[in-house]
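Novice: Please find the sequence and the predicted model below.
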Amino acid sequence: MKKKTMSKNFRSKLITFGIVIAAYLIMQILIGTGNVSSLLKGLLVPLCIYAILAVSLNLTVGILGELSLGHAGFMCVGAFTSAFFSCCVKESGMPPALRFFLAILIGALSAGVFGILIGIPVLRLKGDYLAIVTLAFGEIIKNLVNILYVGRDENGFHVSFTNSLSLNLSDQGQVIINGAQGITGTPSDSNFTVGVLLLLVTLFIVLNLIHSRDGRAIMSIRDNTIAAESVGINVTKYKILAFAVSAALAGVAGVLYAHNLSVLSATSKNFGYNMSIMILVFVVLGGIGSTRGALVASVLLTLLPELLRGLNDYRMLIYAVVLILMMLFNWAPRCIEWREKIMHRIKGRGKETKEADV
Amino acid sequence: MSFLQYLISGISLGSVYALIALGYTMVYGIAKMLNFAHGDVIMVGAFTTYTVCSTMGLPPLLGVLAAVVLCTLLGMLIEKVAYKPLRKASSPLAVLITAIGVSYLLQNVALLIFGGNAKSFTSVLSVGSLKLFDGQLLITGETIVTILVCLVIIVVLMLFINKTKAGQAMLAVSEDKGAAQLMGINVNATIALTFAIGSALAAVAGVLLCSAYPTLTPYTGSMPGIKAFVAAVFGGIGSIPGAFIGGILLGIIEIFGKAYISSQMADTIVFAVLIIVLLFKPTGLLGKNIQEKV
């Protein structure tokens, strides 16, 4: 019995990986035969970024069962720390592959550390309060990055929170993080292949976590915190574990984002709470708690409005309507009743025809 | 003297926050939900006044009235369509996410109708400014009216809740929905009334906010909305005097932060207040202690 369920999990994982790899191969063939417009080509890396974000946010919202509206903040941390690192070592002659690998590690680590630091106080709260505090932290991170100035000269690093002049750099010095202007000249190491690889790694981490002992502990906290605590599950530890992993993976998405653009600045468009909410839409549409759903929804919702040209103006409007309808359809007690009735009828009919066949 | 000037603009901004926070706190007290779309109702109110006054050229009072009526109806509609079906949902996240959806919907509908460019909102108030201490202290007409309107509304609201039957019904529903129903209170109607009052206050707040800060975009409401929620939490969510005190204090903190620390840091300071309050005194200044039941 146990073996059977494990193999079911394993098969489900293989299907998820299979979808990603198949989509990648199809895309590569299309690019090879020249069937992909430049618009779509430009979307490939963002697709991976959104997919990673959605899968990682699903860990917090779907598996841990807490609504985080500050996911873009962790992405911001990952993006800025990794871009800072890449800019610092750009001229040191480090091979680009190694540099990018280290950048990913640094981005993930720092976002994870932020996840722990923010998670410890924040995860004591629940529901609405937790949502609004994560939103607050996300906005604070974005605002702080906007007034952060870091420069480097032969004496080392200089940090200031007012303007680039107060860094007191020598003539040879250069400003690396320039406040609201952000970081310029990040090497563009991101590409579709790397994005897909990182997405696969993300899926591997998340799926393995969900199906492990730790993952079951996290889900038990979601289903009933008090019951979980009473059977000896360390609620705080597992909450922070899930939150930190989710944050670290958002950091990875940030690294991809930062190394996909030559200019990185924190605006309310890319790292504000609107971004966090957009990722939440992906998670909700994919079905809260479903990793594969989050993956598919993020790809579909990013591609559809871009492919159906002219619909771009209505993109966010469609998202909003979809979000409301999905929630009503999935959670309203009356809708659930109605759905069950319909399902019952369909099943009943299925049985009848089977019997007739016999 | 500049200290006094900042203090007065802080109180004025705080009055607007207090009006918005009242909507949050009443809805939270009764429906136990964070109405994320509340901030965008402000925007709808401001746009209505803008359309009636600037585009159609009708008198300001009519504009304000139109905004109040429209927002009241809108608030009740949102509650009926989006929130009521989810009231008994098994997950508390469901209604919160729906509220986020409604907020997005309002923003994007406004974006389609009015476009993304900022409109300049002509103040609906034609009150002269007050000069004190030989002109060293300037109090604009908007500031005076905002503070007065806020005070009047708070007093009327307190009287309404404590002296009328409908107000008492609201208190009863916020205490215990089931018991209130058994006592013959129409719970659905009471919740609808709460949304109506909250949205009407949001409309007034929208007009006042845009009279003081005259740029109007589809996103005008979202930041003040979130800050007003901070104010409601600060004062103790569910408490009407709390929302007032929280709003005023937050307005003062924001203006002082802007003036004395850094203008870019004002939002950060406001959010930091929220985090500190929630971590050390989650019930707020005047909130009741709620014990968790197993």
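Specialist: Happy to help now that I have it. Numbers count the residues shown, from 1 in each chain, chains lettered A, B, ... in the order given.

Novice: contacting residues for the residue lying closest to residue A:229 once chain neighbours are set aside?
Specialist: Excluding the flanking residues, the one nearest residue A:229 by C-beta to C-beta, 6 or more residues apart in numbering or on different chains is residue A:235, at 5.2 Å. All C-beta atoms are positioned from the backbone trio N, CA, C, and that covers glycine. Contact analysis of residue A:235 by C-beta atoms under 8 Å, 6 or more residues apart in numbering or on different chains lists A:221, A:225, A:228-229.

Novice: now residue B:147
Specialist: Residues in contact with residue B:147 (C-beta under 8 Å, 6+ apart) are B:11-12, B:15.

Novice: So which of the contacts of residue A:235 wins on neighbours?
Specialist: residue A:221 (24 neighbours; other C-beta atoms under 10 Å in any protein chain shown).

Novice: Show me where the chain has its helices.
Specialist: Defaulting to chain A. Residue ranges of the helices in chain A, as given by DSSP state H, are A:2-32, A:38-58, A:71-89, A:96-122, A:127-146, A:192-210, A:213-223, A:225-230, A:235-258, A:273-286, A:291-307, A:315-331, A:333-357.

Novice: Chain B is the one I meant
Specialist: Counting by DSSP H, the helices of chain B are B:2-31, B:38-50, B:60-78, B:92-114, B:141-163, B:165-175, B:177-182, B:187-212, B:222-235, B:240-256, B:266-280.

Novice: any low-confidence regions in the stretch 1-150 of chain B?
Specialist: Within the stretch 1-150 of chain B, the segments meeting pLDDT under 70 span B:1, B:124-130, B:132-135.

Novice: at 80 what do you get?
Specialist: B:1, B:57, B:89-93, B:116, B:120-139, B:141 (pLDDT under 80).

Novice: Tell me which of the helices of chain A is the most buried.
Specialist: Across these, averaging neighbours per residue (mean count of other C-beta atoms under 10 Å in any protein chain shown) puts helix A:71-89 on top, at a mean of 28.

Novice: Quick check: of the contacts of residue B:147, which lies closest to residue A:96?
Specialist: Residue A:96 has its nearest neighbour among these in residue B:12, at 55.3 Å by C-beta to C-beta.

Novice: so what's the nearest residue to the closest one once chain neighbours are set aside up against?
Specialist: Leaving out its chain neighbours, the residue that sits closest to residue B:12 by C-beta to C-beta, 6+ apart is residue B:143, at 4.2 Å. Residue B:143 is in contact with B:8-9, B:12, B:212, counting by C-beta under 8 Å, 6+ apart.

Novice: again, but for residue B:226
Specialist: Per C-beta under 8 Å, 6+ apart, neighbours of residue B:226: A:132, A:135, B:39.

Novice: wait, which of the residues you listed is closest to residue B:200?
Specialist: For the contacts of residue B:226, the closest approach to residue B:200 (C-beta to C-beta) belongs to residue B:39, at 15.1 Å.

Novice: how many other residues sit next to the closest one?
Specialist: The number of residues packed around residue B:39, counting by other C-beta under 10 Å, is 28.

Novice: circling back to that earlier point, mind putting the contacts of residue B:143 into CSV with neighbour count?
Specialist: Listed next are these as CSV, based on neighbours: other C-beta atoms under 10 Å in any protein chain shown:
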residue, neighbour count
B:8, 21
B:9, 22
B:12, 24
B:212, 20
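
Novice: Let me know the closest of the contacts of residue B:147 to residue A:213.
Specialist: When these are ranked by distance to residue A:213 (C-beta to C-beta), residue B:15 comes first, at 54.1 Å.

Novice: how close does the nearest residue in space to the closest one that is not next to it in sequence sit to residue B:70?
Specialist: Once flanking residues are discounted, residue B:15 sits nearest to residue B:150: 3.6 Å by C-beta to C-beta, 6+ apart. Distance, residue B:150 to residue B:70, using C-beta to C-beta, to the nearest Å: 21 Å.

Novice: out of the helices of chain A, which comes closest to residue B:274?
Specialist: Residue B:274 lies closest to helix A:127-146 among the helices of chain A, at 5.1 Å (C-beta to C-beta).

Novice: Now do the same contact list for residue B:268.
Specialist: The contact partners of residue B:268, by C-beta under 8 Å, 6+ apart, come to A:139-140, A:143-144.

Novice: that older thread, closest to chain A out of the contacts of residue B:147?
Specialist: Within the contacts of residue B:147, proximity to chain A (C-beta to the nearest C-beta) peaks at residue B:15, which comes in at 22.1 Å.

Novice: residues near the closest one, how many?
Specialist: Neighbour tally, residue B:15, other C-beta under 10 Å: 27.

Novice: so it makes contact with residue B:246?
Specialist: No: using C-beta atoms under 8 Å, residue B:15 is not in contact with residue B:246; the gap is 11.9 Å.

Novice: Enumerate the residues of the stretch 151-294 of chain B near chain A.
Specialist: Applying C-beta under 8 Å from any C-beta of the partner chain, we find that the stretch 151-294 of chain B lies next to chain A at B:226, B:229-230, B:233, B:262, B:264-265, B:267-268, B:271-272, B:274-275, B:278-279, B:282, B:294.
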